[in-house]
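Peer 1: here is the input, now give the coordinates:
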Amino acid sequence: MFTLMIVVFIVGYAAIALEHPLKINKSATALLLAVTLWTLFVIGGEGILVNNAAFQEYLIKNPGGNFPDWLSHHALLEHLGEISEIVFFLMGAMTIVELVDSHEGFRIITDKIKTTNKVKLLWVISIITFFLSAVLDNLTTAIVMVALLRKLISDKKERWSYAGMVIIAANSGGAFSPIGDVTTIMLWIGGHITTMNIIVKTVIPSVISMVVPLALISFSMKGEVKKPAASLAEKGKESTTKAERNLVFFLGIGSLLFVPVFKTITHLPPYIGILLGLSVLWTVTEIIHKRKNDEYRSKVTVAGVLHRIDTPSILFFLGILLAVAALQSVGHLDLLAKTLDKQVGNLYVINVIIGLLSSVVDNVPLVAGAMGMYKDAFVPDHYFWEMLAYCAGTGGSILIIGSAAGVAVMGMEKIDFIWYLKKISLWALIGYLAGTIAYWALSVLVFHA
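Peer 2: Okay, here's the model as predicted:
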C-alpha cells in the first residue's frame, strides 16, 4: 500500500498535467487523488507508517482509540486545519481584489502605465510584482497582478506570458522576505532565520532568479500590446464616483498590506488578518452604496462579487494539498528527506534538490520535514536555513503547480500546465540555478560560510 500510494500520486499528477488533452478538470482530478490517497492510507493501516510515534501517543491519551479514529480525528484534521488557513486566506484575498476591480480601482495603477511596448511592460510588471511580493506575500501579489494584467492586455494567450513571469517574480520576491512566502514565515517563526540576515544573504540571488528568466523571455517579445476596450457597461458606469473608486482601492490594498502587521501585533494567523480586511471593506461598501438600486449593488458589494470568485481553483488547491498531506502523514516525505541526507550529504546540493522537488510537491511539507530533521543540527541564521528559504521559494516556479502563486494564477487565467512547461519552465529553471550559484558564491566568498 505504501508503494501504491506513490504510484497513485504520480498517475494523478500526470492527469492534472494532461488536463486539456484528457478534458477532465484538474480540480476534479486533485480532489479524487486526495480522497484516494487517504482511503489507501486507512486501508493500509498502522503498518505502512514510517514513524508511528504520533499514533502511539494518541493511543496513550485515548486508550480506547484505534487507527481509523486517529487518522480521521487527529492526522487528517490537523492537516485540514493548516490547509484551511491557506484556503480562507486565498478566498479573502480574491474577494478583496474582485471588489476593488468591480469599482475600477485598479485604474489608479493602470492609467499610470502608459507603455504598450511588450518588453517594457514585461519589465514594469515584473519589478512591481517582485517588490510587492516582499511586502505582501507571493500568493496575494499574484492575485493582484493578474487583475492588473487583465486591464492592460486584451489577448488571453499573450497575457499568459506575462502571468508566467508574474509567478516567477512573485516567488523570487517572496523568497528574500521573512513575510513574503509561507516557507520563509515558517523558518522565521521557528527561529531559524532573522529578518535582516535573510534579506542581506538572499536578496541578490532572488533578484538574479527573476532577472535571468525575465531577460530570456524578453528576447521572444516584439511589438505592442493591445489594451482591452472598455465595455459599454463600464463606459456608462456613472454610479461609481472617483472618490468611491479611490476609497475602495486604498482600503483594499491597505487591508492586504495590514495582514503582516496584524500578524506581528497579534500573533494570529494571516487568514484572520485577511478576514478582518474583508469585513471592513464589506461594511464600507455596503454603507457607501446603500442608497443605490439593487441591480447596481449586486455588482459592487461583496455579496455580488462572491459568485465571481474562482471556486474550482480553490478546490484544486484543497485537493492537491490534501493529497500531499497524505504522503506526509504516512512518512513518504520524511523518508525522502532522510534519503537525501544519507545519499547526498552536501548541504548546498540537498537544498538545490529540495528546491527542484518543491516544483512537484508542495514546498510547505518539504520545508517542514527539513526543519524537523535539522532543527538541532544548525544554529539560527546558518547558511542551510537561508538557502532552504531561497530554494524552496524560487524552485516552485519551475512548474505552475509548484507554488501557491502558480496555482492561483493557473486558476484565474486557466493556464494550461503543458503550455507553462513548454514556454516558462526552462527559463524559470535557468533563473533558479543562476540564483543558486550566486548564493553559493556569496556564501563562500563574501560571508565565508
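
Peer 1: I'd say residue 169 and residue 134 touch.
Peer 2: No: Residue 169 lies out of contact with residue 134 (C-beta atoms under 8 Å); the separation is 10.5 Å. Where C-beta positions appear, they are placed from N, C-alpha and C, glycine not excepted.

Peer 1: after the lowest-mean-pLDDT helix or strand in the chain, which helix or strand is next?
Peer 2: Lowest on mean pLDDT, DSSP states H and E among the helices and strands of the chain sits helix 232-235, with a mean of 44. Counting by DSSP states H and E, the element after helix 232-235 in chain order, helix or strand, is helix 242-266.

Peer 1: and that following helix, which residues are buried?
Peer 2: By 16 or more other C-beta atoms under 10 Å, the buried positions in helix 242-266 come out as 244-245, 247-249, 251-253, 255-256, 258-260, 262-263.

Peer 1: least confident pick among these?
Peer 2: Least confident of those in the model: residue 260, at 73.

Peer 1: list the contacts of it.
Peer 2: Residues in contact with residue 260, defined by C-beta atoms under 8 Å, 6 or more residues apart in numbering, are 135-137, 179, 270, 273.

Peer 1: most neighbours among the residues you listed, which one?
Peer 2: In terms of neighbours by other C-beta atoms under 10 Å, the contacts of residue 260 top out with residue 137 at 28 neighbours.

Peer 1: now do it, the pLDDT please.
Peer 2: Here, the pLDDT recorded for residue 137 equals 74.

Peer 1: just for the stretch 301-449 of the chain, where's the confidence low?
Peer 2: 362, 364-366, 368-369, 372-373, 375-376, 449 (pLDDT under 70).

Peer 1: how about residue 176, phi and psi?
Peer 2: When read as degrees, to the nearest 10, the backbone of residue 176 gives phi -100, psi 0.

Peer 1: do you know how far it is from residue 132?
Peer 2: 13 Å (C-beta to C-beta, to the nearest Å).

Peer 1: repeat that for residue 292.
Peer 2: 32 Å.

Peer 1: who has more neighbours out of these two?
Peer 2: Neighbour count, other C-beta under 10 Å: between residue 292 and residue 132, residue 132 has more, with 24 against 14.

Peer 1: assumed that one was part of a strand.
Peer 2: No: under DSSP: H, G, I helix; E, B strand; the rest coil, residue 132 falls outside any strand and is assigned helix.

Peer 1: which residues does it contact?
Peer 2: Applying C-beta under 8 Å, 6+ apart, we find residue 132 in contact with 141, 144-145, 173.

Peer 1: low pLDDT regions in the stretch 101-250 of the chain?
Peer 2: 189-190, 230-239.

Peer 1: quick one, helices of it?
Peer 2: Counting by DSSP state H, counting those that start in this stretch, the stretch 101-250 of the chain has helices at residues 107-110, 118-135, 138-152, 156-175, 182-189, 195-218, 232-235, 242-266.

Peer 1: now the ones you listed as TSV including distance to residue 28?
Peer 2: TSV is the format used below for the helices of the stretch 101-250 of the chain (distance: least, C-beta to C-beta, whole Å):
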stretch	distance to residue 28
helix 107-110	35
helix 118-135	30
helix 138-152	23
helix 156-175	22
helix 182-189	25
helix 195-218	32
helix 232-235	33
helix 242-266	31
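
Peer 1: so which of the ones you listed is nearest residue 323?
Peer 2: For those, the distance to residue 323 is smallest for helix 182-189, at 17.4 Å, taking C-beta to C-beta.

Peer 1: which positions in the closest one come out as buried?
Peer 2: Going by neighbour count (16+ other C-beta under 10 Å), the buried part of helix 182-189 is 182-188.

Peer 1: try stretch 408-421
Peer 2: 408-413, 415-417, 420.

Peer 1: quick one: contacts of stretch 408-423?
Peer 2: When contacts are defined by C-beta under 8 Å, 6+ apart, stretch 408-423 is touched by residues 16-20, 26, 90, 94, 139, 142-143, 146, 156, 159-161, 163-164, 166-167, 310, 312-314, 316-317, 399-401, 406.

Peer 1: buried among the residues you listed? Make that a ChimeraX selection.
Peer 2: Selecting only the buried entries of the contacts of stretch 408-423 in ChimeraX, with 16+ other C-beta under 10 Å as the criterion:
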select :16,17,18,19,26,90,94,139,142,143,146,159,160,161,163,164,166,167,310,313,314,316,317,399,400,401,406
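
Peer 1: list the contacts of the residue nearest to residue 127 when sequence neighbours are not counted.
Peer 2: Setting aside the residues directly before and after it, residue 127 is nearest to residue 169 in space (C-beta to C-beta, 6 or more residues apart in numbering), at 7.7 Å. The neighbours of residue 169, taking C-beta under 8 Å, 6+ apart as the test, are 125-127, 129-130, 133, 210, 214.

Peer 1: from those residues, which two are the most distant?
Peer 2: 133 and 214 (14.1 Å).

Peer 1: so which of these two has more stuff around it?
Peer 2: Neighbour count, other C-beta under 10 Å: between residue 133 and residue 214, residue 133 has more, with 32 against 22.

Peer 1: and the more buried one, how far from residue 260?
Peer 2: 12 Å.

Peer 1: swap in residue 102?
Peer 2: Applying C-beta to C-beta, the value for residue 102 to residue 260 is 25 Å.

Peer 1: what are the buried residues along the helix or strand harbouring residue 16?
Peer 2: Using DSSP H and E, residue 16 sits within helix 2-17. For helix 2-17, burial by neighbour count (16+ other C-beta under 10 Å) applies to 2, 5, 8-9, 12-13, 15-17.
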